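J.: Okay, here's the prediction I keep looking at, along with the sequence it came from:
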Amino acid sequence: MSEPAARPDGRLAENILYFARALRAAGIPVGPGAVLDALEAVKAAGVGTREDFYWTLHAVFVKRHEHSILFDQAFRIFFRRRGYIDQLLAMMLPAAPGAPRPPEAGATRIHEALFSGLDDKLKQEREIELDTRMTVSDREVLQRKDFAQMTNAEIAAAKEAMKRLVLPFAELRTRRLKPHPRGRLIDIRRTLRSSLKGGGDFIDLRFVGPKSKPPPVVALLDISGSMSQYSRIFLHFLHALTEQRRRVSTFLFGTRLTNVTRALRERDPDDALAACSASVPDWSGGTRIASSLHAFNKLWARRVLTQGAIVLLITDGLERDADDTLAFEIDRLHRSCRRLLWLNPLLRFEGFEARARGIKTMLPHVDEFRPIHNLESMAALVAAFQGGDRRAGDPKAWMQKVA
Amino acid sequence: MNKTAPRRLPASIDATVALLGEADYLADRALGTVLYLALKMGRPLFLEGEAGVGKTEIAKVLSTTLGRRLIRLQCYEGLDVAAAVYEWNYAAQMIAIRVAEAEGEHDRARLERDVFSERFLIRRPLLQALEPDPAGAPVLLIDEIDRTDEAFEAFLLEVLGDFQVTIPEMGTVKAAQPPVVVITSNRTREVHDALKRRCLYHWVGYPSAERELSIVRTKVPGIGKKLSEQVVAFVQGLRKQDLFKSPGVSETLDWAGALSELDVVALDPATVSDTLGVLLKYQDDIARLEGSKVKELLDEVKSELRAAE
C-alpha cells in the first residue's frame, strides 16, 4: 500500500501546508496555527466542490480585505488543475467510492509540476503586476530613491529631538476614566474596597478623573521633485515618530498616494527608509496635490481619521493646476480631521509670501500653518512643529500679508 | 417573524444558506461557507464591510432562526469593563455593610465574602453571553468594534479566546457552551491582527445585481417587477460612480420602500431627484448627481434593461 492510502488525509495536510507557504511567499501572513485551522475547517466543512474548498480556505487564511486578491491568485495558480482538487477532496471523504485507491498515473508528475518552482511563479506574477502599475502614465517620472545611510550621531540626535517634541494638542481627553487623586468623580468600586479594609466603619473616598492619551497622527508627505531635498529628513522624523507613539499613519504622495505605514514600522531607520523607497514608484516627480488628496479622502480618510486624529500635511503647496478640486479636497480633509497642520519648507526665505495659487487655495482650510526657514536638522523640524508663538501659525495672518 | 423553537446548528453549507433564507436573508455561497465554519468550529465570525450591507442583520437572523437569545454589545469610545462585562450594585452593597455594622458584624473576611457575592453582581452583555441558557448558547453580537479603542480589543482577547472572564473578587466565569459570536466592523480603524487571528474573517461586499433584485423583492413584497428592476439597476449604476459613500443594500431597500409607498410604477428623473436623499447621505454626492446626470444614468439603465429583455 502506498503512503497516502494508509493516511487518507496525509496528502491533503501536506498540500494545505504547501499552499500556506505559497501564501506566505505572496505576502499574506499565515502562521502555523492557521494551517491547523485550515485542516480542521476543511474537515468540518466536508467540502465537495471547488467553490466550497476555495471559500473554506479563504475563511481561514484571509484576515484582511486587501489580501483577498492575493489569495485568489495564489489559489488559481496552486490548484490550477481542476481534477487535482477533486482528487484531493475524494481522498479525504471516507465514504467516497474506492477511496483507498493507488495514486493515479501521473499524480506524482502533477505533484512535482505544482510544487517545484511555485514560489518563482508567484513572484513572477507579482512582478508583472508591479510592471503594469508602473506604466500607467508615461508622463510621470518614476524613479527609486537612494537615501544616504544614517550615521549613529544622526540617529542619536533625532532621538534626542523627538523626546522634546510636543505636538500642538498633544493630549486628547478620552472618555475613559482613571484613578486620580483630585478627580471629580467618585470611584465607587475602589471606595468600597478600601472602606471594607477598615470593616466598613468609615467611607474612604477614592476619585477618578479623565484619562488622556495622544491622538492618532496621520502624516501626508509630499515627495515631488521640489521637495526631494527634504524627503530624507521628513521620513527620518516620521520613522522616529512611528517608533515613539502608537497610531501613526504615513502616506507619501507625488503623483499618486502610497501608504508606507507598515514600511516605517521597521525598527532600523535605514531599513525603514529602504522599504519606503521600494514601495513608492514616484519619487521626485511632479505634484498632483488635488488628486492625491482626493485618493486619500476617498480611500483612507474614513479608515485612519477616527478618534480625533491630527493631520500633518507636509508640502510646499506648489500645485501646477490649482483649481476648484484642490479647494474642495482640502476642505473635505479639513472637515474630516480634528486639526490640520501644514508644514511648508518653502518658507526658508524670511521674506516669503503666500503668493502661489496652490498655497492661496489651501491656506484658508488649514488650522495651523508652520513655516520652516532652515530644515537641516531634526531639532529645527521639531521646533517648527511645536511653533512657540501661537499667532505665528495662524493662516489668516499669512492671508492678510498677500491680500 | 415568529420566534421559532430552539434547534440544532445547520449540518452543511447548503443548510446554512437555507437557514438564513428562512428569515429572508439571502446570503451568497462565500458567506454561507464562513458562517457554517464559524458555527461548526466554534470560532467568532468577524464581518467587515461598508455601512448598510447587512452585517448586523446576520446576527439578528441567526438568533431568530436558531431560536437563541440575541445579546448585543454596541461598542463606543470609552466602553469599559463596567459597561461591557459586570458591575457591582454599590447601593445595595453599602446598605449591606450598614446592616452588618448595625448587627455588630465586624468579621472583615466574612463581610467581604457577603458583599462580593452573586447577589450584588450586575451582569452586562459579555457576562450574560457566558451563562448557560436552556435554549442553547446565545448569539453574541459585538457591533461596530472599530468604534472602541485598542484597550477594549485587548480585553476581548481573553473572552473570545477561551470564552471566559475573570472577576477579581469572585473568580473566573467560564461558558459551559461557547456563545455564537458575531463581530462587525465598518473599518473606520484597523482592528489588531491578534484579535482577527482568533476569528474567521469575511468581507461583506455589495451584492450582485441578481442577488440584490431578489433581496428587494423579498424584503419589499408589494413592489412591481419593473420598478424593482429599475431600482436595482440604478443603484448598481450609482455604485460605479465616483461617490464618497456608495449606497448600501439597506439604502436600496429604503428607497424601494419609499418609492413603492409613493405608488411609483417606473422611475423618472424628477422622482429620482426628489428621493435621492434616501440613497445618498453626503451633500457633495447629491450635488454631483444634480442636473442632467440623473437623467443620463437613468437612460443608461433603461436601455440596458430593454436590451436584456
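T.: Structure received. Residues are numbered from 1 along each chain as shown, chains lettered A, B, ... in the order given.

J.: Just the C-alphas of stretch B:266-281, formatted as CSV.
T.: The C-alpha coordinates for stretch B:266-281 follow below in CSV (Å, rounded to 0.1, in the frame of the first residue of the first chain):
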residue,chain,number,x,y,z
ALA,B,266,-41.5,53.3,-13.0
LEU,B,267,-38.6,55.7,-12.4
ASP,B,268,-38.4,59.1,-13.9
PRO,B,269,-35.7,61.8,-13.4
ALA,B,270,-37.9,64.0,-11.3
THR,B,271,-38.9,61.3,-8.8
VAL,B,272,-35.3,60.2,-8.6
SER,B,273,-34.0,63.7,-7.9
ASP,B,274,-36.7,64.2,-5.2
THR,B,275,-35.9,61.0,-3.4
LEU,B,276,-32.1,61.0,-3.8
GLY,B,277,-31.7,61.8,-0.2
VAL,B,278,-32.8,58.3,0.7
LEU,B,279,-29.9,56.8,-1.2
LEU,B,280,-27.1,59.4,-0.8
LYS,B,281,-26.2,60.9,2.5
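
J.: give me the element A:Asp52 is part of.
T.: For A:Asp52, the host element (DSSP states H and E) is helix A:50-61.

J.: Tell me which other helices or strands the helix or strand hosting A:Phe71 touches.
T.: According to DSSP H and E, A:Phe71 maps onto helix A:68-78. When contacts are defined as 3 or more CB pairs under 8 Å, 6 or more residues apart in numbering or on different chains; DSSP states H and E, helix A:68-78 sits against helix A:10-26, helix A:50-61, helix A:118-134. Quick note: C-beta positions are derived from backbone N, CA and C, even for glycine.

J.: same thing but at 6 Å, please
T.: Here helix A:68-78 touches helix A:10-26, going by 3 or more CB pairs under 6 Å, 6 or more residues apart in numbering or on different chains; DSSP states H and E.

J.: The helix it packs on - contacts with which helices or strands?
T.: helix A:32-45, helix A:68-78, helix A:82-92, helix A:118-134.

J.: Give the rounded mean pLDDT of that helix.
T.: Helix A:10-26 shows a mean pLDDT of 83.

J.: same check, this time on stretch B:181-198
T.: In this model, stretch B:181-198 has a mean pLDDT of 90.

J.: Buried ones in it, by neighbour count?
T.: Using 16 or more other CB atoms under 10 Å in any protein chain shown as the test for burial, stretch B:181-198 gives B:181-189, B:191, B:195-198.

J.: got it, and stretch B:55-75?
T.: Across stretch B:55-75, burial judged by 16+ other CB under 10 Å covers B:55-66, B:68-73, B:75.

J.: Go ahead and produce CSV holding the CA coordinates of it.
T.: C-alpha atoms of stretch B:55-75 as CSV (Å, rounded to 0.1, in the frame of the first residue of the first chain):
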residue,chain,number,x,y,z
LYS,B,55,-23.6,42.8,8.7
THR,B,56,-25.6,43.3,11.9
GLU,B,57,-28.6,41.7,10.3
ILE,B,58,-26.7,38.3,10.1
ALA,B,59,-26.5,38.1,13.9
LYS,B,60,-30.2,39.0,14.3
VAL,B,61,-31.3,36.5,11.7
LEU,B,62,-29.1,33.8,13.3
SER,B,63,-30.7,34.4,16.6
THR,B,64,-34.3,34.2,15.3
THR,B,65,-33.8,31.2,13.1
LEU,B,66,-31.8,29.2,15.7
GLY,B,67,-34.2,30.3,18.4
ARG,B,68,-31.3,31.6,20.5
ARG,B,69,-31.2,34.7,22.6
LEU,B,70,-29.5,37.7,21.0
ILE,B,71,-27.2,39.6,23.2
ARG,B,72,-25.9,42.8,21.7
LEU,B,73,-23.0,44.9,22.8
GLN,B,74,-22.9,48.2,20.9
CYS,B,75,-19.3,49.5,21.0
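
J.: now the strands: where do they sit in the stretch 101-250 of chain B?
T.: Taking DSSP state E, counting those that start in this stretch as the test, the strands found in the stretch 101-250 of chain B are B:121-123, B:139-143, B:164-167, B:171-174, B:180-185, B:200-203.

J.: State the helix or strand in which the spatially most central residue of chain B lies.
T.: Chain B has B:Thr56 as the residue nearest its centroid, 1.5 Å off, counting by CA atoms, centre = their mean. Using DSSP H and E, B:Thr56 falls within helix B:55-66.

J.: if we can go back for a sec, quick one, which of the strands of the stretch 101-250 of chain B is nearest to B:Ala23?
T.: Among these, the nearest to B:Ala23 by CB to CB is strand B:139-143 (12.6 Å).

J.: hmm, back to that, with distance to A:Ala59 as extra columns, can I get the buried residues of stretch B:181-198 in JSON lines?
T.: Compiled in JSON lines, the buried residues of stretch B:181-198 are given as follows (distance: CB to CB, whole Å):
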{"residue": "B:Val181", "distance to A:Ala59": "15"}
{"residue": "B:Val182", "distance to A:Ala59": "14"}
{"residue": "B:Ile183", "distance to A:Ala59": "14"}
{"residue": "B:Thr184", "distance to A:Ala59": "16"}
{"residue": "B:Ser185", "distance to A:Ala59": "16"}
{"residue": "B:Asn186", "distance to A:Ala59": "20"}
{"residue": "B:Arg187", "distance to A:Ala59": "18"}
{"residue": "B:Thr188", "distance to A:Ala59": "24"}
{"residue": "B:Arg189", "distance to A:Ala59": "23"}
{"residue": "B:Val191", "distance to A:Ala59": "17"}
{"residue": "B:Leu195", "distance to A:Ala59": "16"}
{"residue": "B:Lys196", "distance to A:Ala59": "12"}
{"residue": "B:Arg197", "distance to A:Ala59": "13"}
{"residue": "B:Arg198", "distance to A:Ala59": "13"}
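
J.: Kindly identify which of the residues you listed also come near chain A.
T.: Filtering the buried residues of stretch B:181-198 for neighbours of chain A using CB under 6 Å from any CB of the partner chain leaves B:187-189, B:196.

J.: Just the ones in helices from those residues, please.
T.: Of these, the ones assigned to helices by DSSP state H are B:Lys196.

J.: farthest-separated two in the ones next to chain A among the buried residues of stretch B:181-198?
T.: B:Thr188 and B:Lys196 (15.6 Å).
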